[in-house]
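J.: how would this look folded up:
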Amino acid sequence: MNHLQSWPEPVVRVQALSESGLTKIPDRYIKPITDRPSPKNLDDTHINIPVIDLQNLLSNNQTLQYETLSLISSACKEWGFFQVVNHGVSHELMKQARETWREFFDQPLDLKQKYANSPSTYEGYGSRLGVDKGAKLDWSDYFFLHYMPASLRNQSKWPAVPQSCRKLIAAYGEETVKLCEKLMKVLSINLGLGQDHLQNAFGGTKDIGACLRVNFYPRCPQPDLTLGLSPHSDPGGMTLLLPDENVSGLQVRKGNEWVTVKPVPNAFIVNVGDQIQVLSNAIYKSVEHRVIVNSVKDRVSLALFYNPKSDLLIQPIKELVTKDRPALYQPMTYDEYRLYIRTKGPCGKAQVESLKHR
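T.: Now for the predicted structure:
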């Protein structure tokens, strides 16, 4: 991984660009015409991804339980995305987590620079994905940190300002990981497997990987020319996204259309990652998505990535491989797999497609 030790050119903080008062964005951020959001894409009138109430999973009414399982199953197959309400995570904790990160990004640049990251781990304060020199860049800054396994958890790399940040990260990480474990059981049951089968394929509960990426999308004077995050599918297992409730930005590909997700209050957006697409032998879909930016408002979102143990071989679960549906993907560890996006940056579905047997 020597080629990932440093960025290929000086890193520019997008927030600093935005706050400088510029009226035109630099060429580095202007996307090819085919990749730009059209006025229709920037409109917020689209249909929404499924919204699912998890409370019914705890009901003694088997019909309600079955209906909820069925809704999640359909969402994983048809959308790769859904929103969950009544999920058990404290609404106050969700609000405080968003606010503490907004406060971090409001800090002076020299304070944030103390946490500047490198492409060797990506942990810390960053502004780009991928190490290709001269690549087109996204209109966003971020903070990336490890939460699981506990051996990788290094609080000294977490922001010390605001004062509440480290404590909130720990509490938020604990609650969101628990929710991911519940959802893993649901996904496993829906695949016709034992409730712990998918979790065991990830390496159990203690050795899984969980990391947090907090995204900051500054105001942009020309939002029709760029993107906050280029089209990609998530390389990990499952993503739990806490969106900015005040500003829509996430778009999900549905066929040839981009659907703008309307965040529901106190909901998480859940999406299937590439590793679950591989394990399910493409019964569940890891779907391409991107982020548009706004000329009036900044956006903050928190993405908790729930991933397999990094050195385990991930391949289609044998119970889901049949004569009519042979294994679609070659085995690969998550360590090997994520190196692709860390090197290339977001590139649609090219990554998971590259695993397919030829």
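
J.: Could I get the full set of strands for the stretch 201-350 of the chain?
T.: Here the stretch 201-350 of the chain has its strands, by DSSP state E, counting those that start in this stretch, at 209-217, 229-232, 238-242, 250-254, 257-260, 268-272, 289-291, 299-307, 313-314, 332-333.

J.: right, so of the ones you listed, which gets closest to residue 161?
T.: Evaluated over the strands of the stretch 201-350 of the chain, closeness to residue 161 peaks at strand 209-217, with 14.1 Å, by C-beta to C-beta. Backbone N, C-alpha and C define where each C-beta goes, glycine included.

J.: and that closest one, which strands flank it?
T.: Using DSSP bridges, the neighbouring strands of strand 209-217 in the sheet come out as strand 141-148 (antiparallel), strand 299-307 (antiparallel).

J.: Residue 209: which of those strands is closest?
T.: With C-beta to C-beta, the closest approach to residue 209 among these belongs to strand 299-307: 3.8 Å.

J.: Kindly format the C-alpha coordinates of that closest one as CSV.
T.: Listed next in CSV are the C-alpha coordinates belonging to strand 299-307 (Å, rounded to 0.1, in the frame of the first residue of the first chain):
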residue,chain,number,x,y,z
ARG,A,299,-25.6,19.8,4.6
VAL,A,300,-24.3,17.4,7.3
SER,A,301,-24.9,13.6,7.2
LEU,A,302,-23.5,10.7,9.2
ALA,A,303,-22.9,7.4,7.5
LEU,A,304,-22.1,4.3,9.7
PHE,A,305,-20.6,1.6,7.6
TYR,A,306,-21.1,-2.0,9.0
ASN,A,307,-18.6,-4.3,7.4
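
J.: hang on, the earlier thing: okay, the strands of the stretch 201-350 of the chain in TSV with mean pLDDT next?
T.: Formatted as TSV, those follow (pLDDT from 0 to 100):
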stretch	mean pLDDT
strand 209-217	97
strand 229-232	92
strand 238-242	98
strand 250-254	92
strand 257-260	90
strand 268-272	97
strand 289-291	95
strand 299-307	97
strand 313-314	92
strand 332-333	90
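
J.: want to throw those into a markdown table with mean neighbour count and distance to residue 133?
T.: As requested, those are exported to a markdown table (neighbours: other C-beta atoms under 10 Å; distance: least, C-beta to C-beta, whole Å):
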| stretch | mean neighbour count | distance to residue 133 |
| --- | --- | --- |
| strand 209-217 | 23 | 23 |
| strand 229-232 | 20 | 17 |
| strand 238-242 | 25 | 29 |
| strand 250-254 | 21 | 28 |
| strand 257-260 | 18 | 29 |
| strand 268-272 | 25 | 31 |
| strand 289-291 | 22 | 23 |
| strand 299-307 | 24 | 27 |
| strand 313-314 | 18 | 31 |
| strand 332-333 | 16 | 27 |
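
J.: can you list contacts of stretch 109-120?
T.: Stretch 109-120 has contacts (C-beta atoms under 8 Å, 6 or more residues apart in numbering) with 1, 4-7, 11, 13, 16, 104-105, 123-126, 131, 143-144, 157, 159, 161, 342.

J.: Mind checking which of those residues land in strands?
T.: When strands are assigned by DSSP state E, the members of the contacts of stretch 109-120 inside them are 124-126, 143-144.

J.: ok so, going back, mind giving me the ChimeraX select for the contacts of stretch 109-120, buried ones only?
T.: Paste this into ChimeraX to select the buried members of the contacts of stretch 109-120, with burial taken from 16 or more other C-beta atoms under 10 Å:
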select :7,11,13,104,105,123,124,125,126,131,143,144,157,159,161,342
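
J.: Do I have it right that residue 321 meets residue 281?
T.: Yes. A contact is recorded between residue 321 and residue 281 when judged using C-beta atoms under 8 Å, the distance being 6.0 Å.

J.: Please identify which of those two sits among more neighbours.
T.: When neighbours are counted by other C-beta atoms under 10 Å, residue 321 and residue 281 differ, and residue 281 comes out ahead with 21 against 14.

J.: residue contacts, that one?
T.: Going by C-beta under 8 Å, 6+ apart, residue 281 touches 316-317, 320-321, 325, 327-329.
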